[in-house]
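**Q** fold the following and give me the result.
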Amino acid sequence: METIRPTAVAGLFYPANASELSQIIQNELSQVKPSATIQQPKALIVPHAGYIYSGPIAATAYAQLLPYHQQINRVVVIGPSHRVDFHGLAVSSAHYFDSPLGTVAIDQKAIEQLLTITDVHQLDQAHKQEHSLEVQLPFLQQVLDQFCIVPIVAGNASPELVATVLKAVWGGPETLIIISSDLSHYHDYQTAKKMDQITSHAIETCNPTISSENACGCIGVNGLLNLADEKQLTVTTLDCRNSGDTAGKKDSVVGYGAYLFVEES
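**A** Modelled structure (predicted):
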């Protein structure tokens, strides 16, 4: 029997109405200036807050996929666990993830492959209420044609484990990696800007030593950065702002960054 993981934050983090959701995403994408890059993205680091806060920053990353909407047909998404404490990485037993824009199939062969790796577990509870993966799906549905996903929630895991998993599903130009992460949390505006600039520099220089204080998805981020040399990745910061720049007060903000990784040709 095929199962669907239902939405958990539709109507909260983003609109539950399909037409409204699609229009909001399209509006955000239309504000993005075309990138100078002509190379296909291999990986993106993208924020995962409510769209009113982080949507403009996420759009700067997802807009880079538009020229490659036909080539990319599999997306590996790794995000941190916000609600369930567990060891390792969690995959889902579901066959589809739901979204107001339609269901997205899960790559079952990839899931079977990942379950052979030590500390990768099937743990539906980690996925049930997790927003860090879910909020990425509508953007992906807006910019890509047909695609499947490999959804992974990171618990208490090492960057080395993440790197092992990423290598297992790295694939070719058909596969995109999404690392879901916000940056600093609940500092004043100027403090957050300084912290996020330091984090951006670490990402740009592929230094896999980012802490949870600087990025809530640090495990996934560091795991990707661990592969930078081996996979010959180059990094570009596309955007780095915070909720004080988008829709929030400046006395306590959350930082958001969008980063593009391409493989050197």
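**Q** where does the stretch 151-265 of the chain have low pLDDT?
**A** The model of the stretch 151-265 of the chain has no residue with pLDDT under 70.
**Q** what ranges do the helices span in it?
**A** Counting by DSSP state H, counting those that start in this stretch, residue ranges of the helices within the stretch 151-265 of the chain are 159-168, 189-204, 218-226, 243-246.
**Q** quick one: closest of these to Leu12.
**A** Proximity to Leu12 (CB to CB) singles out helix 243-246 among these, at 15.9 Å. Quick note: C-beta positions are derived from backbone N, CA and C, even for glycine.
**Q** how far does stretch 11-18 sit from its chain's centre?
**A** Relative to the centre of its chain, stretch 11-18 is centred 18 Å away, using CA atoms, centre = their mean, to the nearest Å.
**Q** which parts of it are buried?
**A** Phe13, Tyr14, Pro15 (16 or more other CB atoms under 10 Å).
**Q** just to revisit the earlier point, now, of the helices of the stretch 151-265 of the chain, which is deepest in the fold?
**A** Of the helices of the stretch 151-265 of the chain, the one with the most neighbours on average (mean count of other CB atoms under 10 Å) is helix 218-226, at a mean of 26.
**Q** and that helix, what other elements does it pack with?
**A** strand 43-46, strand 74-80, helix 159-168, strand 175-180, helix 189-204 (3 or more CB pairs under 8 Å, 6 or more residues apart in numbering; DSSP states H and E).
**Q** can you list the neighbours in contact with the fourth one?
**A** Which is strand 175-180. 41-48, 65, 72, 74-80, 132-133, 135-136, 140, 166, 169-170, 217, 220-221, 223-224, 261 (CB atoms under 8 Å, 6 or more residues apart in numbering).
**Q** pairing partners for it, with directions?
**A** strand 43-46 (parallel), strand 74-80 (parallel) (DSSP bridges).
**Q** for those, which one sits closest to Leu101?
**A** strand 74-80 (14.3 Å).
**Q** avg pLDDT for that closest one?
**A** Strand 74-80 carries an average pLDDT of 98.
**Q** how far does that strand sit from the chain's center?
**A** Distance, centroid of strand 74-80 to centroid of chain: 6 Å (CA atoms, centre = their mean).
**Q** beyond it, next helix or strand please.
**A** Downstream of strand 74-80, the next assigned helix or strand under DSSP states H and E is strand 89-91.
**Q** packing partners for that following strand?
**A** Partner elements for strand 89-91 (3+ CB pairs under 8 Å, 6+ apart): helix 108-114, strand 120-122, strand 148-154, helix 159-168.
**Q** looking at those, which is closest to Lys231?
**A** Nearest of these to Lys231, taken as CB to CB: helix 159-168 at 8.4 Å.
**Q** contact partners of that closest one?
**A** 76, 78, 88-89, 113-114, 117, 119-120, 152, 154, 177, 208, 219-220, 222-227.
**Q** please repeat the previous calculation with a cut-off of 7 Å.
**A** 78, 88-89, 113-114, 117, 119-120, 152, 154, 177, 208, 219-220, 222-224, 226-227 (CB atoms under 7 Å, 6 or more residues apart in numbering).
**Q** Ser158: how many residues sit nearby?
**A** Ser158 is flanked by 16 other residues according to other CB atoms under 10 Å.
**Q** err, Asn214, not the other one
**A** The number of residues packed near Asn214 is 20, by other CB under 10 Å.
**Q** the closest residue to it other than its chain neighbours and Ile24, how far apart?
**A** Once flanking residues are discounted, Asn214 sits nearest to Thr199: 4.6 Å by CB to CB, 6 or more residues apart in numbering. Taking CB to CB, to the nearest Å as the measure, Thr199 falls 27 Å from Ile24.
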